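Enquirer: Have a look at this fold, sequence not included:
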């Protein structure tokens, strides 16, 4: 732990890699910690990305590789190690990892979030092959096709409304007989002619070989099972931030997200949060990358004030 970095960046998705690029431009000594050997975060789960300016139709994997190569070409340093905790020692932050402790003057938390899984057969195998967790990201690929949305909250209903604009038919699979979404969203959804509600139903299996071809559902009241022929399944049963390792180190909101504003400052001086892990409205690639750029200015100010 002899080296003391100006900033340690925890996470290597769009926010973490953007922070690494801007950190190098600012001349800061930095280290990016990534849990996986492959950078990119949730971007890796997107088959095609059609809303990143200048790179229409690029695959999520390819875009993630470009992010990583850009940061690496700027001189960013990487270490593959899972972070288990963070603590303060005087004016330093100590990042505890499976490979030992690391020390920095500041820390940027860019650990992202992960979609809550249904945990049914076929889900993991067909992710990116018709199973999606982001309608605004992948909906365009299902124009004039039939899809299913699983969930009953605001996100699920918003996804279904969005998909109904371009899809031939949208099934909404919900385990209860009424939605949990805001009333205005429910009214909009139920007014759409190409939306069919599957009330009191749960998805039990996603079908298909190399591409989604259907979904098995079961009525929780009657026990009756059936199959829906669909080209895609959009799962919207919640998002979980990757903050479990933090404990009570920084302030979290009721959903477990790090409380931080547009300056990315958390409740702990010298610790910043960027990307999907912080409280924010839109969780997509572009705002995540923007989040990664913002805290470097705050890091510089923090270092100058010491």
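Expert: Right, received. Where do you want to start? Quick caveat: nothing in here was measured; it's all calculated off a predicted structure.
Enquirer: how's the protein carved up into domains?
Expert: Residue ranges for the domains of the chain, per automatic domain parsing: 4-114+239-304, 117-235.
Enquirer: could these go into CSV alongside mean neighbour count?
Expert: Backbone N, C-alpha and C define where each C-beta goes, glycine included. As requested, the domains of the chain are arranged in CSV below (neighbours: other Cβ atoms under 10 Å):
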stretch, mean neighbour count
domain 4-114+239-304, 19
domain 117-235, 18
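Enquirer: export those to CSV and tack on mean pLDDT?
Expert: Conversion of the domains of the chain to CSV gives the following (pLDDT from 0 to 100):
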stretch, mean pLDDT
domain 4-114+239-304, 91
domain 117-235, 96
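Enquirer: With adjacent residues omitted, what lies nearest to residue 208?
Expert: Distances taken as Cβ to Cβ, 6 or more residues apart in numbering put residue 126 closest to residue 208, at 5.6 Å, once the chain neighbours are dropped.
Enquirer: What are the phi and psi values at that neighbour?
Expert: Torsion angles at residue 126 (phi, psi; degrees, to the nearest 10) stand at phi -100, psi 10.
Enquirer: got it, and residue 8?
Expert: Residue torsions, per degrees, to the nearest 10, at residue 8 are phi -110, psi 130.
Enquirer: how close does it sit to residue 102?
Expert: As for residue 8, its distance to residue 102 is 6 Å (criterion: Cβ to Cβ, to the nearest Å).
Enquirer: Quick check: neighbours shared by the two?
Expert: Taking Cβ atoms under 8 Å, 6 or more residues apart in numbering as the contact rule, residue 8 and residue 102 both touch 31, 33, 95.
Enquirer: Give me the subset of these lying in strands.
Expert: Here DSSP state E is the test, and those give 31, 33, 95 as lying in strands.
Enquirer: Name the residues linked to the first one by a beta bridge.
Expert: Beta-bridge partners for residue 31, by DSSP bridges, are residue 8.
Enquirer: biggest strand in the protein, by residue count?
Expert: What stands out as the longest strand in the chain, according to DSSP E, is strand 100-109.
Enquirer: Please work out which residues outside that one touch it.
Expert: 1, 3-11, 16, 19, 31, 33, 79, 86, 89, 91-95, 246, 250, 258, 264, 266, 270-274, 277-278, 292, 295, 299, 302-303, 306.
Enquirer: same question, stretch 155-162
Expert: By Cβ under 8 Å, 6+ apart, the list of residues contacting stretch 155-162 reads 135-136, 139, 149-151, 170, 172, 174, 179, 181-182, 185-186, 188-189, 192, 195, 234, 236-237, 239.
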